[in-house]
Structure formats: structure tokens, C-alpha cells
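Participant: sequence-free structure coming up:
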């Protein structure tokens, strides 16, 4: 490197009981570069960043800012040195305003310690103007969408004289338009000589905005490559040590009878006149832009929303779903989009999370039969290849891919007729993503009726036998895997009728 790095981690070691999370990892970021840090869930990325932020103290190795060796005793010291973290998990106070969140702990003051509200508002609105958002300094954070809350997190990075900014899955909750704004912000930081560490599982973003890529695997450094001199396949092999099947799905198994039929289903302004069917042995993918109504349909099928019109039929019989309990009793299961907030209890162990919906059925007298619970967990741990030391492990300590498998296992153990999976691989690394895709195809081959809702076009193309395209609360077209193309799918989710130019 001809330019001295703004930040350098040298031979970092971190060990937890029974696990060597980081095994001599070195990493540098140069001024004015966007440097991707990649690896499977559990590879050590988060641990390395927590060492950098002073949350963990390393068991070996050194940290340098420029030529100066430093010790990070905590997040405040890291921030004082010019290291700014933008976390995937939001850390905002919802009852406070946008301005108060952005300058929390550093509010501008007047005499006698009074808050200078005018300065606070002006400074915040100046930052928000750069981000081109549709809210102002006085907006209550709890009233914002998740995507806009993420923009508030990003705004924090613009309040300090940053030397290095770490973005951890920053686009996970952003729309395409908001991503453009984020990438413009990153370009501005880069032009100012700030070093950017960019952690993401989205390959298209990595190859669009980064200069170099460093890869971790099982806590060990695998190497650094120049982004322009490599490709997705090479990076994937460095991450997981094997090639992936990235081919598109082709229907290769016999389809059974119609398991679920929806006729003219509507739910106020959320979606209207939706009709489709799912056969046993089939994966039906739902694809559309944010707000198209896909998740709301899933919530209706799971009894979380009451439809305003239409019919839901299971095996040809009309059913009424007024609660998730009704849906579960009829064999409909939902793996939600927000696995941490809606699908899991992070403080509970793996076994209890997996058997939670059927606790009443596993009772021996007044107590839950522990042996039956463990047997269920062991069965689906083996079937889904869930990687955990034992059933006693807290779910919150598992990687994203293994957490998702716990949620899927929870519902498979209920032997559903229809399995709905909303954003099955959000925030999951490329290796685990391939395993989840393989699992969904295998479940269909075993006779399950599967609905997959995804915002990623490659995902719906890869796993689906048929794809339902939605725009503004309505189904625009339904494609078989043989007739769908990227062009006609994009046209369908944009509201463009077949035969009309975009």
C-alpha cells in the first residue's frame, strides 16, 4: 500500500469459552476507499468490529490509527478517535425527536447548560437536507418507517469529524431510491478522505461501490482482493470454500392437488382483488416493490389481518381466519420477515423457541415433557443442519442463517399444509442463503405447498415454480419459471402492461 491506512488492525485474536472467534486477523482501510468486509454469518465480522469499537477487548494483537497504536476502552472512545458505527440493528430512542437522536449525548448548549434548540434544529436540518429525506429535525423517531429510522442512523455519521465509518448491512431496510441517496453519502465521505468499511451480503452492492474486499472464514483472514480484479464466484469460494449452485429453478417434481386457493381477496387500501392458488409440491414466489401488498397478504393468510372481501380455501373448503391460532390449527405457518422481532425470543434457548407453538400438546400433566421437546429439536437440527453446540444455546447467539433455520424448523415441526416464508434470506450470508434455497426446494419436493415472498429478484427466480408479480396492491401477472425473464418481471412490478415499452 503506497498510502498509509487510516485504520489498521494487526493480528487480532479473540477467544470466547470454547470458541476462537478471531484467529490472528489483520485488516486495514485506506483514506478515501470503500473496503468491504465479507464472510458467512459467524465468520467473525461482527466480533472484529466490536473489538474495533471497544465493546470487546482483544486477547492478542494491536489497533493503529494512522501510525499511532491505540486502545479502545469503549464506544465513546472509539467515536472520539473518529470511528463511527452505523449498525444494522437500530439503536434509537423512539420517543425522542430526530435531532435529539442524532446529537444524543452531544446536544449544543447555551449558558447554564440549557439546550440550544435553535442550533440543534438548524444543524440537524442541514444534515437531513444532504440525505434528501422527507422528514425534519422535530419529527418523533417512533413515527418514522424502519427505512427512515435507518436514515437517522446514517445521519449520525455526518455529525462528527469521522476518519473511518463502518456501515453494517446499511441497505437492509432501504428502498431503491434511499439506496441511491446512501451511495451518494458514501461517495461524499470517500471524497473527503474518510475510510469506509462496508459489511454486506449483497454482492451487487459490493461490486458497485467498493474498492477492495477482505474475506473472513471461521475467524481467520482469507485474503484481500481488488474489487475490479475479481468476480462474485471467486469471492464466494473464498468465503465458503466451495462453489454454489446459482442456476435458476426448473420445476422437476410432480405437483399435487391445490392446497390453498385465494379468490378476490381484498384488505382495504393495502391490496385489492387478489386471486391465486398454490399446489402441493409447488413454490410460488411473490415479487414486488415495497408497499405492493405482499407481506399484508401473508399476514391475512396467517390470521393477523381480517380481509374486507374475498375467500380463502384450504383443500377446496372455505375457511375463516380470525387469529394466528386459527391459521395454525388449519395447517398454515408463517416465517415472518422480521425473524428477530416476530419469529424468535432471542433470550430463550433453541429448543424452547422451536417447540413454542406446540407447548400445550407436549404437556405431561401440568409440566412440559422435556424429552419430547428435545426429540423434536434433535430431529429438525439434523434435518435442517442447524449449527449450534446444543439445544441449550441462546438463539440470540446464533448466526442469522441458523436463526432462520430455527424459525423454519419451528413451523415444520407443526406439519403444516401451507408454509409461507417472508424474506427468507434477509441479512443472511451467501452460503446460508444457498442452503435455505435448497431447503425450500426440498420441502416442495416433499409435498409442501410453499409461498416465498422476496424483494430479491435472483431469489424468486431461483426457487420459484411460478412467480406472482404485484404492483400497488394488485396482482399484475403470474409467470411460470419457463416464461419469466428479468425484463418482463420488472415491467410487471412497475405497473407496465405487457407489450408497452418501459
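Facilitator: Yep, that arrived. Keep in mind that this is a model prediction, so the values were computed, not measured.
Participant: the stretch 1-150 of the chain: strands as residue ranges?
Facilitator: Read by DSSP state E, counting those that start in this stretch, the stretch 1-150 of the chain holds these strands, from start to end of the chain: 7-16, 19-29, 34-38, 60-65, 68-70, 83-86.
Participant: nope, the stretch 401-502 of the chain is what I meant
Facilitator: Counting by DSSP E, counting those that start in this stretch, the segments of the stretch 401-502 of the chain that form strands are 418-422, 449-454, 466-471, 474-480.
Participant: who wins for proximity to residue 402 among those?
Facilitator: Across the strands of the stretch 401-502 of the chain, the minimum distance to residue 402, taken as C-beta to C-beta, is reached by strand 418-422, at 15.8 Å. Placement of C-beta: from N, CA and C, glycine included.
Participant: got any ranges where the stretch 301-450 of the chain has weak pLDDT?
Facilitator: Filtered on pLDDT under 70, the stretch 301-450 of the chain yields the residue ranges 427, 429.
Participant: relative to residue 255, how far out is the residue nearest to residue 302 when sequence neighbours are not counted?
Facilitator: Residue nearest to residue 302 in three dimensions, not counting chain neighbours: residue 334, with 4.1 Å by C-beta to C-beta, 6 or more residues apart in numbering. Note on residue 334: its distance to residue 255, by C-beta to C-beta, to the nearest Å, is 22 Å.
Participant: check what contacts the worst-scoring helix or strand of the chain on mean pLDDT and list those residues.
Facilitator: Taking mean pLDDT, DSSP states H and E as the measure, the chain has strand 363-364 as its least confident helix or strand, at a mean of 78. By C-beta atoms under 8 Å, 6 or more residues apart in numbering, the residues outside strand 363-364 that reach it are 369, 372.
Participant: partners of it in the sheet?
Facilitator: Neighbouring strands of strand 363-364 in its sheet, by DSSP bridges, are strand 367-368 (antiparallel).
Participant: got the contact list for residue 405?
Facilitator: Residue 405 sits next to 384, 385, 386, 436, 439 when contact means C-beta under 8 Å, 6+ apart.
Participant: give me that answer again for 10 Å
Facilitator: Contact analysis of residue 405 by C-beta atoms under 10 Å, 6 or more residues apart in numbering lists 350, 354, 380-381, 383-388, 398-399, 412, 428, 432, 435-436, 439.
Participant: kindly report the domain assignment for the chain.
Facilitator: Domain assignment for the chain by automatic domain parsing gives 7-240, 244-331+417-502, 332-415.
Participant: so how far does the first one reach from one end to the other?
Facilitator: What that stands for is domain 7-240. Length of domain 7-240, first residue to last, C-alpha to C-alpha, to the nearest Å: 27 Å.
Participant: ok, residue 334 and residue 255, which is more surrounded?
Facilitator: residue 334 (27 against 16; other C-beta atoms under 10 Å).
Participant: after the helix or strand hosting that one, which helix or strand is next? Please name it.
Facilitator: Assigned by DSSP states H and E, residue 334 belongs to strand 332-335. Toward the C-terminus, strand 332-335 is succeeded by helix 350-355 as the next helix or strand (DSSP H and E).
Participant: hang on, the earlier thing: gap between the strand holding residue 334 and the chain center?
Facilitator: Using C-alpha atoms, centre = their mean, to the nearest Å, the mean C-alpha position of strand 332-335 is found 18 Å from that of the whole chain.
Participant: picking up where we left off before, now intersect the contacts of residue 405 with the helices, please.
Facilitator: Applying DSSP state H to those, the entries found in helices are 350, 354, 380, 381, 383, 384, 412, 432, 435, 436, 439.
Participant: any of these buried? List them.
Facilitator: Burial by neighbour count, 16 or more other C-beta atoms under 10 Å: within the ones in helices among the contacts of residue 405 this picks out 350, 354, 380, 381, 384, 412, 432, 435, 436, 439.
Participant: and stretch 449-461, what's buried?
Facilitator: Quick answer for stretch 449-461 (16+ other C-beta under 10 Å): 449, 450, 451, 452, 453, 454, 455, 456, 457, 459, 460, 461.
Participant: deepest in the core, which of the strands of the stretch 1-150 of the chain is it.
Facilitator: strand 34-38 (a mean of 25; mean count of other C-beta atoms under 10 Å).
Participant: tell me the strands beside that one, with direction?
Facilitator: Each strand pairing with strand 34-38, determined using DSSP bridges, is listed with its direction: strand 195-199 (parallel), strand 212-217 (parallel).
Participant: what inclination does the longest one have with respect to strand 19-29?
Facilitator: Compare the direction of strand 212-217 with that of strand 19-29 by axes from the mean of the first three to the mean of the last three C-alpha atoms, to 10 degrees and you get 170 degrees.
Participant: list the buried ones in the very next helix or strand once past strand 212-217?
Facilitator: Counting by DSSP H and E, the next helix or strand C-terminal to strand 212-217 is strand 220-226. Within strand 220-226, the residues that count as buried by 16+ other C-beta under 10 Å are 221, 222, 224, 225.
Participant: stretch 270-286 too?
Facilitator: By neighbour count, and taking 16+ other C-beta under 10 Å as the criterion, the buried residues in stretch 270-286 are 270-272, 274, 276-286.
Participant: with stretch 373-390 instead?
Facilitator: Neighbour counts over stretch 373-390 (16+ other C-beta under 10 Å) mark 373, 376, 377, 380, 381, 384, 386, 388 as buried.
Participant: next one: stretch 422-440
Facilitator: Buried residues in stretch 422-440, counted by 16+ other C-beta under 10 Å: 422-437, 439-440.
Participant: and that stretch, how far out from the chain's middle?
Facilitator: The chain centroid and the centroid of stretch 422-440 are separated by 10 Å under C-alpha atoms, centre = their mean.
Participant: turn the buried residues of stretch 373-390 into TSV, including distance to residue 84.
Facilitator: Listed next are these as TSV, based on distance: C-beta to C-beta, whole Å:
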residue	distance to residue 84
373	44
376	44
377	41
380	41
381	39
384	38
386	35
388	33
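Participant: now for residue 179: which residues touch it?
Facilitator: Taking C-beta under 10 Å, 6+ apart as the criterion, residue 179 is in contact with 147, 170, 171, 202, 205, 208, 209.
Participant: ok, and the closest non-adjacent residue to residue 321?
Facilitator: In space, and not counting its chain neighbours, residue 321 is closest to residue 303: 4.0 Å by C-beta to C-beta, 6+ apart.
Participant: what about the one you found, neighbour count?
Facilitator: For residue 303, using other C-beta under 10 Å, the count is 22.
Participant: chain center to stretch 476-496, what's the gap?
Facilitator: Here the centre of mass of C-alpha atoms in stretch 476-496, compared against the chain's by C-alpha atoms, centre = their mean, lies 25 Å away.
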